[in-house]
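[1] sequence first, then the predicted structure, then my questions.
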Amino acid sequence: MTKPAKHVFICGQNRGPGHPRGSCSQSGAPAVWEEFAFEFQQRNLNGQFALTNTGCLGPCNGPHVLVYPEGVMYAKVSKGDVKTIIEEHLLGDTPVARLQLPAEIWG
């Protein structure tokens, strides 16, 4: 296996209804994960990029997606944002500014 150019982590934390910190899973993370996995397969990106489902990534206003090696954290990502992240950030090397966590939270 060759080293991937970028690694995408998707928070799948599930903290049960009513938890004060919330939960990426209950905010739509499963749909975001499925869309990334589908797009990776359709575009033959597996191997070029890595995709990992994780537990909590820190901030709790998800779903969160973290891209390394840049360390770019996206917040409140929807299924509809996945193609934009793939096209602009993964393939185009330009992080999607409108989806990034504010610098005072992740910066």
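    Perfect, I can see it now. Residues are numbered from 1 along each chain as shown.

[2] does residue 77 really touch residue 63, like I thought?
    Yes - using CB atoms under 8 Å, residue 77 makes contact with residue 63 at a distance of 4.9 Å. Backbone N, C-alpha and C define where each C-beta goes, glycine included.

[3] overlap in contacts of these two?
    Common contacts of residue 77 and residue 63 (CB atoms under 8 Å, 6 or more residues apart in numbering): residue 32.

[4] what about the helices in the protein?
    Ranges of helices in the chain, per DSSP state H, are 29-42, 82-84.

[5] alpha carbons only: can I get the longest one in PDB?
    By that I understand helix 29-42. Taking Å, rounded to 0.1, in the frame of the first residue of the first chain, the C-alpha atoms of helix 29-42 are listed here in PDB:
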ATOM      1  CA  ALA A  29     -22.400  11.800  10.700                       C
ATOM      2  CA  PRO A  30     -23.500   8.400   9.400                       C
ATOM      3  CA  ALA A  31     -24.800  10.000   6.200                       C
ATOM      4  CA  VAL A  32     -21.600  12.000   5.900                       C
ATOM      5  CA  TRP A  33     -19.500   8.900   6.300                       C
ATOM      6  CA  GLU A  34     -21.600   7.000   3.700                       C
ATOM      7  CA  GLU A  35     -21.300   9.800   1.200                       C
ATOM      8  CA  PHE A  36     -17.500  10.000   1.600                       C
ATOM      9  CA  ALA A  37     -17.200   6.200   1.200                       C
ATOM     10  CA  PHE A  38     -19.500   6.200  -1.800                       C
ATOM     11  CA  GLU A  39     -17.600   9.100  -3.500                       C
ATOM     12  CA  PHE A  40     -14.300   7.500  -2.800                       C
ATOM     13  CA  GLN A  41     -15.500   4.300  -4.400                       C
ATOM     14  CA  GLN A  42     -17.100   6.000  -7.400                       C
END
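
[6] other residues contacting it?
    The contact list for helix 29-42, computed with CB under 8 Å, 6+ apart, reads 8, 10-13, 45-46, 49, 51, 53, 62-65, 77-79, 81-83, 86.

[7] count the neighbours of residue 81 for me.
    By other CB atoms under 10 Å, 18 other residues sit near residue 81.

[8] nearest residue to it in space, please, no chain neighbours.
    Among residues not flanking residue 81 along the chain, residue 99 sits closest, at 5.9 Å (CB to CB, 6 or more residues apart in numbering).
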